[in-house]
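> this one's structure only:
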């Protein structure tokens, strides 16, 4: 397929690489010249505008940072829906608000284009391996037409329901991961300060009831002091904020999510927004004067 791909950063560039490996032809656009240049090295055709990337393609895929950016990219005066010929399908892999996805889908349908929200989970490693979990909201026929693309980027692909339901599911998932990550960092620091070897904490919890996939993903990076971004603190803060906003729309108090959101906000304020979410440990390490590291590190 001829695919326009908008947003070729940490996640988007890895998805582009797998789409190209699968035989798809990619026309890429990003506001970052460096990201666009890297996409060109991967084999994509760099484009100078959204319309150039989208016009006449079989589909357009998005990997963007916020609902506001998604809306501007799709509905703005130089946005995807202004492209002629209009692509028949748009697949949005960004994490956004369900209401925004529904608004865009309605505008797309009026112009004869189908829009699905298809946020992904698995981080940079999953994007590179093509093993992302993909959560799709939208009509079944649109979901089925997107499968040749989704199968190149994901391993577990779910049709959740109507438009917006993919983003709702993603916010559920990311809230669980974001809250767990903050709890892991705090409690492992507690154990370390009390004299436990952080590696022993990892070994014991790995075979005990506190274990989880998030724990398994967090601890190896923490023990090495590896805070290079797989999923940035600023993005997790954004997702927790989106979940809080959705909770407000639904009339649901979310005291745990809102408290943890402040932990990520504090890390951002400390200049750590571009660090991996495991970098939540850095402010605690600075405060307590102790690093959470394997003894041999």
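Yes, it's here. No experiment lies behind these values; they were computed from the predicted model shown. Numbers count the residues shown, from 1 in each chain.
> tell me the confidence at residue 88?
Each residue has a pLDDT score; the one for residue 88 is 98.
> contacting residues around it?
By C-beta atoms under 8 Å, 6 or more residues apart in numbering, the residues touching residue 88 are 58, 59, 112, 113, 114, 145. Every C-beta, even on glycine, is put in place using the N, C-alpha and C of the backbone.
> residues in contact with the last one?
Pointing back at residue 145 there. Going by C-beta under 8 Å, 6+ apart, residue 145 touches 88, 89, 114.
> same question for the fifth one.
Residues counted as contacts of residue 114 (C-beta under 8 Å, 6+ apart) are 88, 89, 90, 105, 108, 138, 139, 141, 142, 145.
> looking at those residues, which one is closest to residue 181?
residue 138 (29.6 Å; C-beta to C-beta).
> how about that closest one: what's its closest non-neighbour residue?
residue 116 (3.4 Å; C-beta to C-beta, 6 or more residues apart in numbering).
> am I right that that neighbour falls within a strand?
Yes - remark: residue 116 belongs to a strand, assigned using DSSP: H, G, I helix; E, B strand; the rest coil.
> please identify the buried residues of stretch 255-265?
Within stretch 255-265, the residues that count as buried by 16 or more other C-beta atoms under 10 Å are 257, 260, 261, 263, 264, 265.
> residue boundaries of the helices in the protein?
10-21, 33-42, 50-54, 67-75, 98-110, 123-129, 140-153, 165-193, 198-205, 213-224, 233-250, 255-269, 281-288 (DSSP state H).
> so how far is the longest one from its chain's centroid?
Distance of helix 165-193 from its chain centroid, counting by C-alpha atoms, centre = their mean, to the nearest Å, is 15 Å.
> that one vs helix 98-110, what angle?
If you take axes from the mean of the first three to the mean of the last three C-alpha atoms, to 10 degrees, helix 165-193 sits at 150 degrees to helix 98-110.
> highest neighbour count among the contacts of residue 114?
residue 90 (30 neighbours; other C-beta atoms under 10 Å).
> is it bridged to anything, and to what?
residue 60, residue 115 (DSSP bridges).
> tell me the domain ranges of the chain?
2-163, 168-288 (automatic domain parsing).
> re the thing from before, now tabulate the contacts of residue 114 in CSV and tack on distance to residue 99.
Putting the contacts of residue 114 into CSV (distance: C-beta to C-beta, whole Å) gives the following:
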residue, distance to residue 99
88, 24
89, 21
90, 17
105, 11
108, 15
138, 15
139, 18
141, 23
142, 19
145, 24
